[in-house]
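# Provided below are the primary sequence and the corresponding predicted coordinates.
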Amino acid sequence: MLLSHQREEIFDTFMKTRNHPTVDFLYDVIRKKYPKIGLATVYRTMRIICDADLARKVDFGDGVRRFEHKFKRHKHHHLICTKCGRIIEVKSPEIERLPKKLASQHDFSATKNTMEIFGICSSCQSNT
């Protein structure tokens with residue numbers, strides 16, 4: 001893979017972003033420094049980053065492709081507010097044990113598991 005200044009900037013911007021950025025978000029940020037960058041370059045670079053197992057695509061049920069860091073991050077799950085879109089990352093040893101337990105009970109070899117819980121956050125609950 002040829003590492004261009006643009007790809008390096010995309011990677012650096014993504015790694016500095018602590019939320020779950022979209023390609024459009026990254027494109028808007030990168031375009032300030034590299035006005036001629038194409039959206040396709042950002043898409044291709046994020047695919048390369050995912051293929052290198054440094055990130056993963058996440059789906060929060062709204063049809064928007066987001067990305068999440070995997071590098072030096074602990075396994076976690078998400079609570080997603082269906083009103084405001086807030087995403088809360090949660091870590092739980094109990095949740096981590098459950099997939100292994102279920103797989104074992106059903107003689108199943110799990111290769112991947114994720115958990116996203118959809119509902120209404122406390123802020124939105126208090127505003128109703």
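Noted; the coordinates are in hand. Residues are numbered from 1 along each chain as shown.
# so who does Ala110 touch?
Ala110 makes contacts with 99-100, 103, as judged by Cβ atoms under 8 Å, 6 or more residues apart in numbering. Quick note: C-beta positions are derived from backbone N, CA and C, even for glycine.
# how is the protein carved up into domains?
5-69, 77-126 (automatic domain parsing).
# which of the ones you listed sits most buried?
Stretch with highest mean neighbour count among these: domain 5-69 (a mean of 15; mean count of other Cβ atoms under 10 Å).
# now it: how far from the chain's centre is it?
Relative to its chain's centre, domain 5-69 lies at 10 Å (Cα atoms, centre = their mean, to the nearest Å).
# Can you give me the end-to-end span of it?
The first and final residues of domain 5-69 sit 21 Å from each other (Cα to Cα, to the nearest Å).
# Next: stretch 109-126.
42 Å.
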